[in-house]
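> Quick one, fold the following:
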Amino acid sequence: MSTGNGPGISRDEAMELLKTHLKNDRLISHCVASEAIMRALAPRFDEDQETWGIAGLLHDLDYEMTGEEENRHGAETALILKQNGVSPAVIDAIKKHNAEGLGLTRTTTFDHALTCAETITGLIVATALVYPDKKIASVKPKSVTKRMKTPHFARAVSRERIRECEEIGIPVNDFVVLSLSAMTEIADELGL
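From the prediction side, this is the model:
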């Protein structure tokens, strides 16, 4: 599915929608971090940065509504986004970031990119938080990849989902560098 027709919603509108549905600042920061990584990934695939960024920003829109109900997470977001004129490509990728819970299959580069991008944010944040200054700028890519191999560190972060970057032709080490760089650029906005 091509993502070249734009997201169907502006970033300002998307941010307003996000803040209407999410009140948890950490969750909002996670979405903003996911957006930054998706914007960094898009040019590698000659895709629209705005479209990919919006998918990252809105992927957990329904999280406070659905919580741990994996069979609803993403589906509720899809309904909200459809009502707001968001592109079908964005909606589809958002649903498929929870493919396991919704009985779907990730098939496109967009699907895999959103899944690995939103997942790695947790590992990077957890790594930053073990540093004395708790700043992303202090984190080195090698530190993230080392912690990725430590199962008890940030245990809730799926290494398998991060490794989906390989499904789209990006080695894990390169993906860590790209993701860390993208998040470092917005570190102030993330409070890290």
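
> Dihedrals phi and psi, the most centrally placed residue in the chain?
A centroid search over the chain (Cα atoms, centre = their mean) returns E118, at 2.3 Å, as the residue closest to the centre. Main-chain torsions, E118, degrees, to the nearest 10: phi -70, psi -30.

> That one and S34 touch, don't they?
Yes - between E118 and S34 there is a contact under Cβ atoms under 8 Å: 4.2 Å. For every residue, glycine as well, the C-beta is placed using N, CA and C.

> Overlap of the contact sets of the two?
G56, H59, D60 (Cβ atoms under 8 Å, 6 or more residues apart in numbering).

> which one of those residues has the most neighbours?
Counting neighbours by other Cβ atoms under 10 Å, G56 comes out on top of these with 32 neighbours.

> In contact with that residue, which residues?
C31, S34, E35, A36, I37, M38, R39, L114, A117, E118.

> how far away is the residue of the chain most remote from its centre from A117?
What lies farthest from the middle of the chain is P132; by Cα atoms, centre = their mean that is 25.8 Å. For P132, the distance to A117 equals 27 Å [Cβ to Cβ, to the nearest Å].

> Same question for E160.
15 Å.

> who has more neighbours, these two?
Neighbour totals were compared for E160 and A117, and A117 leads with 31 against 9 (other Cβ under 10 Å).

> what's the nearest residue to that one if we skip its chain neighbours?
I37 (4.0 Å; Cβ to Cβ, 6 or more residues apart in numbering).

> Test my guess that the one you found contacts I120.
Yes - counting by Cβ under 8 Å, I37 does reach I120; the two are 6.9 Å apart.

> intersection of neighbour lists for the two?
Joint contacts of I37 and I120 (Cβ under 8 Å, 6+ apart) are S179.

> thinking again about what came up before, for the residue farthest from the centre of the chain, helix, strand, or coil?
Reduced to three states with DSSP: H, G, I helix; E, B strand; the rest coil, the structure at P132 is coil.

> Fine, thanks again, bye for now.
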